[in-house]
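> Give me the fold of what follows.
(chains A, B, C and D)
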There are 4 protein chains.
Amino acid sequence: MIRVGIIGATGYTAFEAIRLIQGHPQAEVTAVTSRGDEGKSIVEVHPALRGSIDLPLSLADPAVLAQQCDVAFCCLPHAASAESVRSLREVGLRVIDLSADFRLREVSVYEEWYATKHPWPELLGQVAYGLPELFEDQIKGADLVANPGCYPTSAILPLAPLLQAKAIDANIIVDAKSGVSGAGRTPKLVNLYCEANESITAYAIGSHRHQPEMVDVLERFTGVQADILFTPHLTPMDRGILATIYVQGPGLTAAKVKQMWNETYADAPFVHIVDAPPATKHVSGTNHVHMGAFDAGGRVVLCCAIDNVTKGASGAAVQNMNCMFGLDQTMGL
Amino acid sequence: MIRVGIIGATGYTAFEAIRLIQGHPQAEVTAVTSRGDEGKSIVEVHPALRGSIDLPLSLADPAVLAQQCDVAFCCLPHAASAESVRSLREVGLRVIDLSADFRLREVSVYEEWYATKHPWPELLGQVAYGLPELFEDQIKGADLVANPGCYPTSAILPLAPLLQAKAIDANIIVDAKSGVSGAGRTPKLVNLYCEANESITAYAIGSHRHQPEMVDVLERFTGVQADILFTPHLTPMDRGILATIYVQGPGLTAAKVKQMWNETYADAPFVHIVDAPPATKHVSGTNHVHMGAFDAGGRVVLCCAIDNVTKGASGAAVQNMNCMFGLDQTMGL
Amino acid sequence: MIRVGIIGATGYTAFEAIRLIQGHPQAEVTAVTSRGDEGKSIVEVHPALRGSIDLPLSLADPAVLAQQCDVAFCCLPHAASAESVRSLREVGLRVIDLSADFRLREVSVYEEWYATKHPWPELLGQVAYGLPELFEDQIKGADLVANPGCYPTSAILPLAPLLQAKAIDANIIVDAKSGVSGAGRTPKLVNLYCEANESITAYAIGSHRHQPEMVDVLERFTGVQADILFTPHLTPMDRGILATIYVQGPGLTAAKVKQMWNETYADAPFVHIVDAPPATKHVSGTNHVHMGAFDAGGRVVLCCAIDNVTKGASGAAVQNMNCMFGLDQTMGL
Amino acid sequence: MIRVGIIGATGYTAFEAIRLIQGHPQAEVTAVTSRGDEGKSIVEVHPALRGSIDLPLSLADPAVLAQQCDVAFCCLPHAASAESVRSLREVGLRVIDLSADFRLREVSVYEEWYATKHPWPELLGQVAYGLPELFEDQIKGADLVANPGCYPTSAILPLAPLLQAKAIDANIIVDAKSGVSGAGRTPKLVNLYCEANESITAYAIGSHRHQPEMVDVLERFTGVQADILFTPHLTPMDRGILATIYVQGPGLTAAKVKQMWNETYADAPFVHIVDAPPATKHVSGTNHVHMGAFDAGGRVVLCCAIDNVTKGASGAAVQNMNCMFGLDQTMGL
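Predicted coordinates for the structure are as follows:
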């Protein structure tokens, strides 16, 4: 059994990670940490975990965690996460970092978009990006994996094969719609039920931190620097991201898009190319990715649906863990 | 008092029309018709109207309606609507048609997109398009007004001033998100609570009938033929449309967009140019339009929020009625 | 025109009060106050009010308010409200208090349930309870009205006629379901979208402050001291309360219940006795009350649906204002 | 591997059964049948199953099914189900019937409440009721199990120990709130998104078919004939049932209730006795049961939360299958 520690266990991604690992045939959660709720039971914080786990929350102590765990899932906010990752790596723990701290390759880009000093800048550019569909080889031997952002996952998967084949212009529009869980579990006015319910709105138009992540990772995989206009939207649902992506290229058709996807993802167990427009409900609570391509007046519209908390966060983390430990990617998912 | 007949009174737009008219200081509903529920009380069909109206549903009889009403709101499906409109006009009733039957100017375009013969083709091209923000003069004296489609309203209002000023390329993307009421009140699998809830999906990509309406009306107002790629989305909420529109043009900025909007809509009482991204909740149940423009990497993103049932249908119909009868546009709204 | 000041204008009940008053033919909001957001525009705090009002939030200054307003709607939390009411009454303003501070008759009961000293205890027992369906005479001449709690409104209206007629046992169960807006607009974990959505739960079982209010007001009207077991539930919707009430009595039938209701509420314009089980959607955004009675194995089940923010708060406040100023109860509602 | 056939595979309970079985380590779905969608892929009907199963829907042929399966889950409507069960039993298949056809012991009660002739009446009274928490011994050796109704599960589990101990009066109120999936997948007006969303309503007050099931099963287990007043409510959420149950008895307290529950359910892996009021979200997608007891003015309020589609239907069916085949009850759940 792989023993897993969850660092920062009180949020939604931590919840989903625990839920998945407790259903995994070869992994189990052996430690859960929290700075604010230490001493409480994890079940008190996440009543929906009752019956699948029973552990007290403790303060994160790297030396203790090194005894209790084989791998840590770091679910802290950015910057705090990098510091935690550093201390966990120093005691030899393998780490999957769910924050944004090790996703970008350039310190300057990180510090511009995240407006903070990076706590461990020398590592940037050397950390595997945890999208096994594209970077499986780098993940396999890794001791540290940067788990992808939710929006980037929904955009990179459909775009990477097309950019790699130079089949589309670099000029791309990503109009993405996310459930409210993407905003985290800290009480804020905009995330109140009566604010978010019965409403849809764009936010952070042209200024969301996941935009440079999309560009950086796509360039890493394809060599092409895409010019992505990214508009996220807050959608009245718990979970799910639907990315509607507008691309064009000489002679591009939906059929050709699907052919390129089929080639790149022939062995990707979670990627499904669908005929009808994908709906977030069809991937809810799963690690699956539904992708469709549609002709529309000479251009092509791509739709990609994922569960933002599963494939967009903790499901991908389990998939990465499976890769790191030599298990089948789909185990427990 | 203006006496209003509601033709086809059992759906959501009819409900909203009755709700608004019963709160209007100079109008009242005097007849409600239905082919399937005649004999029932309107309150039985729409329990939320209890206390504001008490009328039995009857079969539509033009001669009788001509006695009972000054104006008819026709809330029937397309094709059926044009036939009804014809019979109502023949007895001299003024009509606001909420269907798509008189929105387009060309019979051939209508018959291609709606896949049916038009029952009264000779009128096409002569009917006022009921968007008083752009066509007030034509509406004022009209006996028949074609009430706009919900999606077109959300796209035409932000785009018309920019196209008219030739400030944007004709190549435009409209990514729109609608509440489920837009799908009507007829029971269908996709509109069941458990199918639509906790899900967002695109539909009719590149093939929705509101696309040619947008193009036709924008050309009518601006002389420019736009190439619009339109993607509608079904969003888990009762009401509301958010259109996220991607435009570009030489030297175009959000500030310039707002300036053009301010000029065109200086006297439009329902159009509000907002700084924060508009949310559908902020216009819910009202006839208001919230529009914002945002710079994003050299391009400009426009967001327009309306209530699809109010400004997108029955609120606009009341606004049109006010224009037709010489009342202040905002009366009762 | 009645000039209305809204004291504590940033919450949901204040929003609804402003929305209603701005649609009222003989009233208008002339002042809006806030301790935390003074200087901001009311539209910045409530974007959904754009187009219906444009006032800056100011600190509440009784002397200034006395110049600006004829009546104040006090929308502050309990205890803070009583202090504000006192200062407003001292400058001669008529006040409708939407807090719980003047609803109970006994200081001891108030101080037990609200766990605080009452700032103006000598007034308790002398303030009109703002349910015009039962206490219209006291409201008519009043300078201060205690606006009812949302849950009490949904329970008192169906129960009062039955208790008065001594047709039911005093032993009563009220199982009530409320939308999330009842929890207010202050960010708290339990009111986050992702906590409240897709979930229903009871809370404050047997210990909710609205229970003694129900008992006190029913005794005031009927002379009977009811033994009410009250269980509120948080329901995944913005608005609405459905009270399901279990009563029994010798020979009691649903038909007899409806007869008693018909007598008591013959002249009550907002009370509607319905045959099908009432749904909160049918009263959403209105001041109406839908009440049904159903036979069930020798006992009778009463269902009462209101909008918690309208009839359960600000709609009732407008109704009370109408009574206080000699207008028709339904004006603007 | 246990080979499972799903009879009537297009509804929500069938979907959930397939989802669970495909994640079960010792079972797999080997046949899916449908009368209306034969020939289609199961993934076309349930896109959310993509990646976990790939089978065509066929017409149910008992002889073929007997070759393909070890056990059948019958997910048909009542009456149709009993006929199907008969034909499946005749070819020797073990059957778990998710309909109501074999839950009651008396033909007369069945025929009164279901208003139809029972197709196989001689079996009534001899079929195991599939609630392993109470009837494990009968389920273990059974070839046919009647899977419980969703509401009965939520009421019987908290009530059985208290009635058995004669700790409560027979006079009981069950006020239950269910998500919309309980209404099935057939398009009907009341289940449309725009009808059910933002609304809560009672239905079938005192006349729901699950009431005699509660009474019958409780009597079977406890010997006591309860007088249950049952009020179901349609709640705006996909899944979940919360039963709020009002009981009283001499000296009864919440603490005593919990003690009785602890004794009865000491070995029940899915029953959890909780301190805070249970929420349906805390059991969503799981087979767990959260039960709480609360003192309230001399009476006791019981709250029981389950997922109506999982523990209330298909999760229980898998639990029953585990019992029938000698596996650990919790396997795959």
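> can you give me the end-to-end distance of stretch A:262-272?
Length of stretch A:262-272, first residue to last, Cα to Cα, to the nearest Å: 9 Å.
> To clarify, my last question referred to stretch A:246-264.
Start and end residues of stretch A:246-264 are separated by 20 Å (Cα to Cα).
> Alpha carbons of stretch A:299-309, as CSV, please.
The C-alpha trace of stretch A:299-309 is given here as CSV (Å, rounded to 0.1, in the frame of the first residue of the first chain):
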residue,chain,number,x,y,z
ARG,A,299,-13.9,27.8,-38.1
VAL,A,300,-13.9,24.9,-35.6
VAL,A,301,-15.2,25.0,-32.1
LEU,A,302,-13.7,22.6,-29.6
CYS,A,303,-15.5,21.7,-26.4
CYS,A,304,-13.8,20.0,-23.5
ALA,A,305,-15.5,18.9,-20.3
ILE,A,306,-13.8,17.8,-17.1
ASP,A,307,-14.6,17.7,-13.4
ASN,A,308,-12.5,20.6,-12.1
VAL,A,309,-12.0,18.9,-8.7
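> how about the residue of chain A found nearest chain C, what does it touch?
For chain A and chain C, the shortest gap (Cβ to the nearest Cβ) falls at A:Pro187, measuring 3.7 Å. Bear in mind the C-beta positions are built from the backbone N, C-alpha and C, glycine included. Residues in contact with A:Pro187 (Cβ atoms under 8 Å, 6 or more residues apart in numbering or on different chains) are C:Pro187, C:Lys188, C:Leu189, C:Asn191, C:Leu192.
> I'd like the next helix or strand past the top helix by length along chain A.
Longest helix in chain A, counting residues (DSSP state H): helix A:150-164. Using DSSP states H and E, the next helix or strand after helix A:150-164 towards the C-terminus is strand A:171-178.
> Please point out which parts of the host helix or strand of A:Asn322 sit buried.
If you go by DSSP H and E, A:Asn322 is part of helix A:315-324. Residues of helix A:315-324 classed as buried by neighbour count (16 or more other Cβ atoms under 10 Å in any protein chain shown): A:Gly315, A:Ala316, A:Ala317, A:Val318, A:Gln319, A:Asn320, A:Met321, A:Asn322, A:Cys323, A:Met324.
> same thing with stretch A:212-222?
Neighbour counts over stretch A:212-222 (16+ other Cβ under 10 Å) mark A:Pro212, A:Glu213, A:Met214, A:Val215, A:Asp216, A:Val217, A:Leu218, A:Arg220, A:Phe221, A:Thr222 as buried.
> what's the answer for stretch A:116-129, then?
For stretch A:116-129, by 16+ other Cβ under 10 Å, it's A:His118, A:Pro119, A:Trp120, A:Leu123, A:Leu124, A:Val127, A:Ala128, A:Tyr129.
> In strands, which of the residues you listed fall?
Among those, the members found in strands (DSSP state E) are A:Ala128, A:Tyr129.
> Tabulate the buried residues of stretch A:116-129 (JSON lines), appending pLDDT and distance to C:Gly23.
Formatted as JSON lines, the buried residues of stretch A:116-129 follow (pLDDT from 0 to 100; distance: Cβ to Cβ, whole Å):
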{"residue": "A:His118", "pLDDT": "96", "distance to C:Gly23": "54"}
{"residue": "A:Pro119", "pLDDT": "93", "distance to C:Gly23": "55"}
{"residue": "A:Trp120", "pLDDT": "95", "distance to C:Gly23": "58"}
{"residue": "A:Leu123", "pLDDT": "94", "distance to C:Gly23": "60"}
{"residue": "A:Leu124", "pLDDT": "95", "distance to C:Gly23": "57"}
{"residue": "A:Val127", "pLDDT": "98", "distance to C:Gly23": "58"}
{"residue": "A:Ala128", "pLDDT": "98", "distance to C:Gly23": "59"}
{"residue": "A:Tyr129", "pLDDT": "98", "distance to C:Gly23": "55"}
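> Tell me the one of the buried residues of stretch A:116-129 nearest A:Ala80?
Lowest distance from A:Ala80 to these (Cβ to Cβ) belongs to A:Pro119, with 8.5 Å.
> Please look at the closest one and A:Ala79 and confirm they touch.
Yes - the pair A:Pro119 / A:Ala79 is scored as a contact, 6.3 Å apart, by Cβ atoms under 8 Å.
> Leaving out the residues flanking it, which one is nearest to the residue of chain A closest to chain C?
C:Pro187 (3.7 Å; Cβ to Cβ, 6 or more residues apart in numbering or on different chains).
> what about stretch A:164-180, near chain B?
Yes - residues of stretch A:164-180 are located near chain B by Cβ under 8 Å from any Cβ of the partner chain, namely A:Ile173, A:Asp175, A:Lys177, A:Gly179.
> A:Ala316 and A:Leu333, how far apart?
9 Å (Cβ to Cβ, to the nearest Å).
> Please enumerate the shared neighbours of these two.
Residues touching both A:Ala316 and A:Leu333 by Cβ under 8 Å, 6+ apart: A:Asn287.
> any chance you could map the helices in chain A?
Going by DSSP H, chain A shows helices at A:12-22, A:42-45, A:62-68, A:80-90, A:107-114, A:132-140, A:150-164, A:193-196, A:210-222, A:254-264, A:315-324.
> what angle separates the first one from helix A:315-324?
Taking axes from the mean of the first three to the mean of the last three Cα atoms, to 10 degrees, one finds that helix A:12-22 is oriented at 50 degrees with respect to helix A:315-324.
> quick one: contacts for A:Glu90?
By Cβ under 8 Å, 6+ apart, the contact set of A:Glu90 is A:Pro62.
> got it, and the one 10 residues further on?
A:Ala100 makes contact with A:His78, A:Tyr110, A:Tyr114, A:Gly149, A:Arg209, A:Glu213, according to Cβ under 8 Å, 6+ apart.
> Widest-spaced pair of these?
Every pair of the contacts of A:Ala100 checked by Cβ to Cβ; the farthest is A:Tyr110 and A:Gly149, at 13.0 Å.
> where does chain A come near chain C, residue by residue?
By the rule Cβ under 8 Å from any Cβ, the part of chain A lying against chain C is A:12, A:179-181, A:185, A:187-189, A:191-198, A:236-238.
> go again using 6 Å as the cut-off
Contacts of chain A with chain C, taken as Cβ under 6 Å from any Cβ of the partner chain, map to A:Val180, A:Ser181, A:Pro187, A:Lys188, A:Leu189, A:Asn191, A:Leu192, A:Tyr193, A:Cys194, A:Ala196, A:Asn197, A:Asp238.
> The second one touches A:Asp238, doesn't it?
Yes - taking Cβ atoms under 6 Å as the definition, A:Ser181 is a contact partner of A:Asp238 at 5.5 Å.
> of the two, who's got more company?
Taking neighbours as other Cβ atoms under 10 Å in any protein chain shown, A:Ser181 and A:Asp238 compare with A:Ser181 leading, 27 against 24.
> what about that one, distance to C:His78?
33 Å.
> And for A:Gly179?
35 Å.
> which of the two has more neighbours?
Taking neighbours as other Cβ under 10 Å, A:Gly179 and C:His78 compare with A:Gly179 leading, 30 against 19.
> list the contacts for the more buried one?
Residues in contact with A:Gly179 (Cβ atoms under 6 Å, 6 or more residues apart in numbering or on different chains) are A:Thr235, A:Met237, A:Asp238, A:Arg239, A:Gly240, A:Asn308.
> Let's have those in a markdown table, adding pLDDT.
What follows is the contacts of A:Gly179, written out as a markdown table (pLDDT from 0 to 100):
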| residue | pLDDT |
| --- | --- |
| A:Thr235 | 98 |
| A:Met237 | 98 |
| A:Asp238 | 98 |
| A:Arg239 | 98 |
| A:Gly240 | 98 |
| A:Asn308 | 98 |
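> and the helix holding A:Asn322, average pLDDT?
Mean pLDDT, helix A:315-324: 98.
> what does stretch A:133-147 give?
Here the average pLDDT along stretch A:133-147 is 97.
> Restrict it to CA atoms and write it as PDB.
Extracted C-alpha coordinates of stretch A:133-147, given in PDB (Å, rounded to 0.1, in the frame of the first residue of the first chain):
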ATOM      1  CA  GLU A 133      -1.500  12.300 -21.400                       C
ATOM      2  CA  LEU A 134       1.400  14.500 -22.500                       C
ATOM      3  CA  PHE A 135       4.300  14.100 -20.100                       C
ATOM      4  CA  GLU A 136       4.100  10.500 -18.800                       C
ATOM      5  CA  ASP A 137       7.800   9.800 -19.300                       C
ATOM      6  CA  GLN A 138       8.800  12.800 -17.100                       C
ATOM      7  CA  ILE A 139       6.200  11.900 -14.400                       C
ATOM      8  CA  LYS A 140       7.200   8.200 -14.200                       C
ATOM      9  CA  GLY A 141      10.500   8.700 -12.400                       C
ATOM     10  CA  ALA A 142       9.700  12.000 -10.700                       C
ATOM     11  CA  ASP A 143      10.000  12.700  -7.000                       C
ATOM     12  CA  LEU A 144       8.100  16.000  -7.400                       C
ATOM     13  CA  VAL A 145       5.200  16.600  -9.800                       C
ATOM     14  CA  ALA A 146       3.400  19.900 -10.400                       C
ATOM     15  CA  ASN A 147      -0.300  19.000 -10.600                       C
END
